[in-house]
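A.B. asks: Mind looking at a prediction? Sequence and model below.
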Number of protein chains: 2
Amino acid sequence: MKLILISLGKPHDTHFKDGIQEFSNRLNKYFSSEWIIVAPPKNAAVLSVSEAKKTEAGLLMQHIQKDDFVVLLDERGKQFTSPLLANFIQQRANESCKRIVFIIGGAFGVDELIIKRANYTWSLSNLVFPHMMVRLILAEQLYRACTILRNEKYHHE
Amino acid sequence: MKLILISLGKPHDTHFKDGIQEFSNRLNKYFSSEWIIVAPPKNAAVLSVSEAKKTEAGLLMQHIQKDDFVVLLDERGKQFTSPLLANFIQQRANESCKRIVFIIGGAFGVDELIIKRANYTWSLSNLVFPHMMVRLILAEQLYRACTILRNEKYHHE
């Protein structure tokens, strides 16, 4: 099973790059994983929020395959505990899922097209985090989930 | 009003230092704020978890003053949304609170003494984050709260 982490926006920024890279590398030892950073449409400045979201949705969909299990990160989703996230990943593996695709949308959320395509919507917290921090948290939590599944020492209850 | 951020453990580590520093600097433009990093007891390795927590509690208490409003970051606490955190800080200011002290405990939680001293217990999320990431999230959320209180552009609903 492969984990695909798709994020709209700019490349990982200076303050977060090291951490994102560190946890992504660690994650890679458990599951083959890949970041896909999707640049926002170039004409985003002249588009309305809803037009921009539609264009972004088209760009995101280019990276989603028919059989992908899509997890959208969105405040309106349900929260996991870290052990429940681990179970969730294990369940996908048990179902012979080939790819879980995690999508981090833009600052104003994602278009209805992506919301409908998502198989699950996950809220990290009641707090709103900056986009780059969401990438860091996602990488760390996926790594943590792997250590939980292997009963390794990283995670304390 | 001053914001004191107390954390047990090592100095900010390489992967998170930049981000913690960045958001702490930004926060400082709104409230005078200060990190106090409390080194764990040197004999921690020979202590039981509960003994270590007791010793740590003593070290933490040295930095807490009688009139401080103490917020303990702990999974068993209540979650804030980012706007509610902003309100919470504003309320302390309205009550002429001189110092809000945020405490990040160790990997195994804190001693009963700190739990009892805390005026509020705040859970960041249902997820468990690594210690250094909690520092980063705390600094960022406090900065975010300030921008919310000033109606600045940083936070999107």
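C.D. replies: Everything's here; your move.

A.B. asks: Looking at chain A, which residue is nearest chain B?
C.D. replies: residue A:125 (3.5 Å; CB to the nearest CB). All C-beta atoms are positioned from the backbone trio N, CA, C, and that covers glycine.

A.B. asks: Can you report how many residues neighbour that residue?
C.D. replies: 22 (other CB atoms under 10 Å in any protein chain shown).

A.B. asks: same question, the one 5 residues further on
C.D. replies: Taking other CB under 10 Å as the criterion, the count of residues near residue A:130 is 19.

A.B. asks: Let me know the secondary structure of the nearest residue to residue A:129 once chain neighbours are set aside.
C.D. replies: The shortest distance from residue A:129 to any residue other than its chain neighbours is 6.7 Å, reached at residue A:137 (CB to CB, 6 or more residues apart in numbering or on different chains). Per DSSP: H, G, I helix; E, B strand; the rest coil, the local secondary structure of residue A:137 is helix.

A.B. asks: show me the contacts for the residue lying closest to the residue of chain A closest to chain B once chain neighbours are set aside.
C.D. replies: Closest residue to residue A:125 apart from its sequence neighbours, by CB to CB, 6+ apart: residue B:125 at 3.5 Å. For residue B:125, the contacting residues are A:79, A:124, A:125, A:126, A:127, B:79, by CB atoms under 8 Å, 6 or more residues apart in numbering or on different chains.

A.B. asks: avg pLDDT for stretch A:60-69?
C.D. replies: On average, the pLDDT along stretch A:60-69 is 97.

A.B. asks: Buried residues of that stretch, list them for me.
C.D. replies: Residues of stretch A:60-69 classed as buried: A:60, A:64, A:68, A:69 (neighbour count, 16 or more other CB atoms under 10 Å in any protein chain shown).

A.B. asks: now do stretch A:34-50
C.D. replies: Under 16+ other CB under 10 Å, the buried positions of stretch A:34-50 are A:35, A:38, A:40, A:41.

A.B. asks: surely the second one meets residue A:60?
C.D. replies: Just to be clear, that refers to residue A:38. Yes - using CB atoms under 8 Å, residue A:38 makes contact with residue A:60 at a distance of 6.0 Å.

A.B. asks: which residues are in contact with both of these two?
C.D. replies: By CB under 8 Å, 6+ apart, residue A:38 and residue A:60 have these common neighbours: A:6, A:8.

A.B. asks: how about the residues of chain A near chain B?
C.D. replies: With CB under 8 Å from any CB of the partner chain as the criterion, chain A meets chain B at residues A:14-16, A:18-19, A:22, A:79-82, A:85, A:107-108, A:124-130, A:133, A:136-137, A:140-141, A:144, A:155-157.

A.B. asks: Throw together a PyMOL command that grabs the buried residues out of these.
C.D. replies: Applying 16+ other CB under 10 Å to the residues of chain A next to chain B, the buried members can be selected in PyMOL as follows:
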select buried, chain A and resi 15+16+18+19+22+80+82+85+124+125+126+127+128+129+130+133+136+137+140+141+144+155
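
A.B. asks: ok, now which ones touch residue A:30?
C.D. replies: A:143, A:146, A:149, A:150.

A.B. asks: Dump those into a markdown table; add pLDDT, neighbour count and secondary structure as well.
C.D. replies: Formatted as a markdown table, the contacts of residue A:30 follow (pLDDT from 0 to 100; neighbours: other CB atoms under 10 Å in any protein chain shown; DSSP: H, G, I helix; E, B strand; the rest coil):
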| residue | pLDDT | neighbour count | secondary structure |
| --- | --- | --- | --- |
| A:143 | 98 | 24 | helix |
| A:146 | 97 | 23 | helix |
| A:149 | 97 | 15 | helix |
| A:150 | 96 | 11 | coil |
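
A.B. asks: now the residues you listed as a markdown table including distance to residue B:56?
C.D. replies: Converted to a markdown table, the contacts of residue A:30 look like this (distance: CB to CB, whole Å):
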| residue | distance to residue B:56 |
| --- | --- |
| A:143 | 27 |
| A:146 | 30 |
| A:149 | 31 |
| A:150 | 29 |
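
A.B. asks: List just the nearest of those to residue B:100.
C.D. replies: The closest of those to residue B:100 turns out to be residue A:143 (CB to CB; 32.3 Å).

A.B. asks: pretty sure that closest one is touching residue A:21, no?
C.D. replies: No - with contact defined as CB under 8 Å, residue A:143 does not reach residue A:21; the gap is 11.9 Å.

A.B. asks: count of neighbours near residue A:94?
C.D. replies: 10.

A.B. asks: Please read the previous query as pertaining to residue A:109.
C.D. replies: The number of residues packed around residue A:109, counting by other CB under 10 Å, is 17.

A.B. asks: Bridged to it, which residues?
C.D. replies: Beta-bridge partners recorded for residue A:109 (DSSP bridges): residue A:106.

A.B. asks: tell me the helices in chain A, going along the chain?
C.D. replies: Here chain A has its helices, by DSSP state H, at A:14-28, A:49-61, A:82-94, A:112-117, A:131-149.
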